[in-house]
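Undergrad: sequence first, then the predicted structure:
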Amino acid sequence: MTRMSLSTTSENGRTTPDGGQPQGRFDIAPYLKPGARIAPVHATARGALFADDCLNVLPRLVDSCVDTVFADPPFNLGKEYGARTDDLLSDDAYLAWCRRWLDECVRVLKPGGSIFVYNLPRWNILLGSHLTELGLTFRHWIAVEMSASLPIAGRLHPSHYSLLYYSKGKPSTFRRIRTPVQTCRHCGGEVKDYGGHRRALHPNGITLKDVWTDIPPVRHRKFKSGQRKANALSTKILDRVIEMSTVPGDLVLDPFGGSGTTFRVCEDRHRHWIGVEIDYAPQIVERLETNEIHPHRNEDAVED
């Protein structure tokens, strides 16, 4: 059992010391089909970033090459992203587009691999149905609590995003994550009553639930790029996704790079990655090269 921190790992037979990098640059060639005429705009020792539409990149990846997919697509709310993103489609057109990239993500996922899709509940209930039709195994509907939305007349107050978790058959990797026992920030006492069974709890905390109420918002400039006004994900979400479903040296795919959170976490957690971002690749490169955007604090513990 280890707390989430950078530790000594081994990647493809090469020992990587704490905080170290494997030699050279990530070789994308083995993951591309023969004759694929695409090239990444940036590469680190662990990953490669394409500045392109994911539907131009995903079909050029070979089958069954990725251990985990994390996808956080635009939510079709008419938000302003970059010049190449259309976030205001008809419902039918949006769902058809989502099915296209989901089909490709499932194709490149290894047997036993995991896929996570972050979206609004109204879309994820339909996207989950599509993943089921593709033969994937439902694992969890993770509710990620949000607190910034406003009440909507005639409806319940929306207070969570959906994070779908499916696997391609039985997952090859599933690592238990434990969260610290919650305490009062004023008195320091434990918040929850455990019905007289407190002594039976694991010393590293409670098994991670499928309702995440402890994800901090990404508002402060030290956690996000000033060059991208759109919402950014907390590193804590990607910490959990990556630690839960992969081990050091595995390969993670994110077809909607956004602010680059997935890639930054992969670098810190010693995972390889392939990323695509249609509008904000320069901002992602800056984030990877400067380390000026800070991660959120995370006290989760991971079972080895």
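TA: Good, I have the coordinates.
Undergrad: just the helices in the stretch 201-304 of the chain please.
TA: Ranges of helices in the stretch 201-304 of the chain, per DSSP state H, counting those that start in this stretch, are 235-245, 261-269, 281-290.
Undergrad: need the longest helix for this protein.
TA: Using DSSP state H, we find that the single longest helix of the chain is helix 91-108.
Undergrad: which strands or helices does the helix or strand just after that helix pack on?
TA: Counting by DSSP states H and E, the next helix or strand C-terminal to helix 91-108 is strand 109-119. Strand 109-119 sits against strand 66-71, helix 91-108, helix 121-133, strand 160-167, helix 235-245, with contacts defined as 3 or more CB pairs under 8 Å, 6 or more residues apart in numbering; DSSP states H and E. Placement of C-beta: from N, CA and C, glycine included.
Undergrad: ok, which of those comes nearest Thr173?
TA: Smallest distance to Thr173 across those (CB to CB): 5.7 Å, for helix 235-245.
Undergrad: now that closest one, how far from the chain's geometric center?
TA: 6 Å (CA atoms, centre = their mean, to the nearest Å).
Undergrad: circling back to that earlier point, now the longest helix of the chain: mean pLDDT?
TA: What helix 91-108 shows for mean pLDDT is 97.
Undergrad: give the buried residues for that helix.
TA: Neighbour counts over helix 91-108 (16 or more other CB atoms under 10 Å) mark Tyr94, Leu95, Trp97, Cys98, Arg99, Trp101, Leu102, Glu104, Cys105, Val106, Arg107, Val108 as buried.
Undergrad: got the CA coordinates for that helix in CSV?
TA: Extracted in CSV, the C-alpha atoms of helix 91-108 (Å, rounded to 0.1, in the frame of the first residue of the first chain):
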residue,chain,number,x,y,z
ASP,A,91,-28.6,15.8,-30.5
ASP,A,92,-28.5,13.2,-33.3
ALA,A,93,-25.3,14.6,-34.8
TYR,A,94,-23.6,14.8,-31.5
LEU,A,95,-24.4,11.2,-30.6
ALA,A,96,-23.4,10.0,-34.0
TRP,A,97,-20.0,11.8,-33.6
CYS,A,98,-19.5,10.3,-30.2
ARG,A,99,-20.2,6.8,-31.5
ARG,A,100,-17.6,7.3,-34.2
TRP,A,101,-14.7,8.1,-31.8
LEU,A,102,-16.0,5.5,-29.2
ASP,A,103,-15.9,2.8,-31.9
GLU,A,104,-12.2,3.7,-32.6
CYS,A,105,-11.3,3.9,-28.9
VAL,A,106,-12.8,0.4,-28.3
ARG,A,107,-10.9,-0.9,-31.4
VAL,A,108,-7.5,0.3,-30.1
